[in-house]
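*Asks:* Here is a sequence together with a model predicted from it:
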Amino acid sequence: MKRVGIGVALLGLTFGALGLAKAQTGSSTRAATTTPASLRWQASFDAFAAADQARAPQPGGVLFVGSSSIRLWDDLETAFGTEAVVTKRGFGGSRLSDCVEWVDRLVIRYRPRLVVLYAGDNDLAEGATPDEVAARFDHFVTAVRAELPATRIAYLSIKPSPLRASLMDDAREANALIAERARRGDNLDFIDIYSLMLGPEGQPRSDLYGPDRLHLNAAGYALWRAAIAAHLRAGASPTPLASTTSAPTINR
């Protein structure tokens with residue numbers, strides 16, 4: 001009888017340990033799935049804070065925000081010379097929806113006269129529709145306008161990359177929707193780099209991209225610089241100027 005009692009006790013301890021391990025595993029799984037979204041961008045935000053502490057950008061400058069195409073533009077702060085004082089706040093892998101969510105930390109705190117936004121590429125790649133991308137642009141504009149009503153916003157169109165050629169129709173449609181909003185809105189610009197990055201046959205120019213066929217090389221950034229420069233000068237004007245770039249045609 002003593003042996004049976006000891007065996008039952010040991011068995012109970014074993015099941016108890018297994019139950020505790022399972023509970024702990026479940027807890028860790030729940031913790032992993034409920035990790036705050038902010039942790040995904042913590043390294044980027046820490047880098048921005050360190051840069052601000054080392055040399056705080058002055059209000060009234062030009063702010064570039066968006067995804068890795070902004071983050072990887074190595075000489076962006078000096079690319080426009082004396083035309084503009086530029087602050088770069090790109091965070092790789094980000095979507096337009098992330099720019100909306102973190103607009104206070106990315107835009108409002110810097111009080112720029114002009115925001116150049118490149119985002120939407122990753123939204124489409126993750127399954128967002130062109131209408132959803134355009135709606136996210138609306139949310140971004142609304143959020144900026146609420147705190148900085150005089151700040152001009154220039155949207156840099158979604159680029160056509162060789163790696164994401166299957167998304168070109170969606171990119172064209174999203175670009176057209178946003179271009180129309182910029183045409184009708186005050187203090188809004190649409191900068192069409194999509195058309196400039198196509199070859200004679202209407203396909204992405206591979207000579208503008210690096211080995212990953214997604215991010216730009218030096219020639220690609222030189223093209224962007226030329227397209228953006230005129231808008232930086234326009235953004236310095238106290239009088240709102242109409243967008244000089246027409247909406248791209250949607251070809252389905």
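*Replies:* Received it, and whenever you're ready, just let me know what you need.

*Asks:* how far does stretch 156-165 stretch from start to finish?
*Replies:* End-to-end distance for stretch 156-165: 18 Å, by C-alpha to C-alpha, to the nearest Å.

*Asks:* Strands along this structure, start to end?
*Replies:* 62-66, 86-90, 114-118, 152-156, 188-191 (DSSP state E).

*Asks:* Of all those strands, which one is nearest A176?
*Replies:* strand 188-191 (9.4 Å; C-beta to C-beta). Where you see a C-beta, it was placed from the backbone N, CA and C, and this is true even at glycine.

*Asks:* mean confidence score for the closest one?
*Replies:* Across strand 188-191, the average pLDDT comes to 96.

*Asks:* still on that earlier bit, of the strands of the chain, which is nearest F45?
*Replies:* It's strand 86-90; of the strands of the chain, that one is closest to F45 (C-beta to C-beta) at 9.5 Å.

*Asks:* partners of the closest one in the sheet?
*Replies:* strand 62-66 (parallel) (DSSP bridges).

*Asks:* Any buried residues in the partner strand, and which?
*Replies:* Taking 16 or more other C-beta atoms under 10 Å as the neighbour-count basis, strand 62-66 is seen to contain the buried residues V62, L63, F64, V65, G66.

*Asks:* need these in CSV with distance to P130 and pLDDT, can you?
*Replies:* CSV is the format used below for those (distance: C-beta to C-beta, whole Å; pLDDT from 0 to 100):
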residue, distance to P130, pLDDT
V62, 27, 94
L63, 25, 96
F64, 23, 97
V65, 21, 97
G66, 18, 96
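
*Asks:* Just give me the closest of those to V103.
*Replies:* Nearest to V103 among those, with distances taken as C-beta to C-beta, is V65, at 8.7 Å.

*Asks:* before we move on, back to that, looking at the buried residues of strand 62-66, which one is closest to T87?
*Replies:* Distances from T87 to the buried residues of strand 62-66, taken by C-beta to C-beta, are shortest for L63, at 5.0 Å.

*Asks:* ok, that closest one touching R89?
*Replies:* Yes. Assessed by C-beta atoms under 8 Å, L63 is found in contact with R89 at 6.4 Å.

*Asks:* where do the contact lists of the two overlap?
*Replies:* Y110 (C-beta atoms under 8 Å, 6 or more residues apart in numbering).

*Asks:* Low-confidence ranges, the protein, go.
*Replies:* The chain contains residues with pLDDT under 70 at 1-38, 233-252.

*Asks:* rerun that using 80 as the cut-off
*Replies:* 1-39, 83, 231-252 (pLDDT under 80).

*Asks:* how about the helices in it?
*Replies:* Secondary structure of the chain (DSSP state H): helices at 2-33, 42-54, 68-71, 76-79, 96-101, 103-106, 121-125, 130-147, 168-184, 218-235.

*Asks:* closest one to L196 among those?
*Replies:* helix 218-235 (5.9 Å).

*Asks:* List the buried residues of that closest one.
*Replies:* G220, Y221, L223, W224, A227, I228, H231, L232, A234, G235.

*Asks:* and which of those is nearest A135?
*Replies:* Distances from A135 to these, taken by C-beta to C-beta, are shortest for H231, at 23.4 Å.

*Asks:* The closest one contacts L117, doesn't it?
*Replies:* No. Here H231 does not reach L117: they are 11.6 Å apart, not a contact under C-beta under 8 Å.
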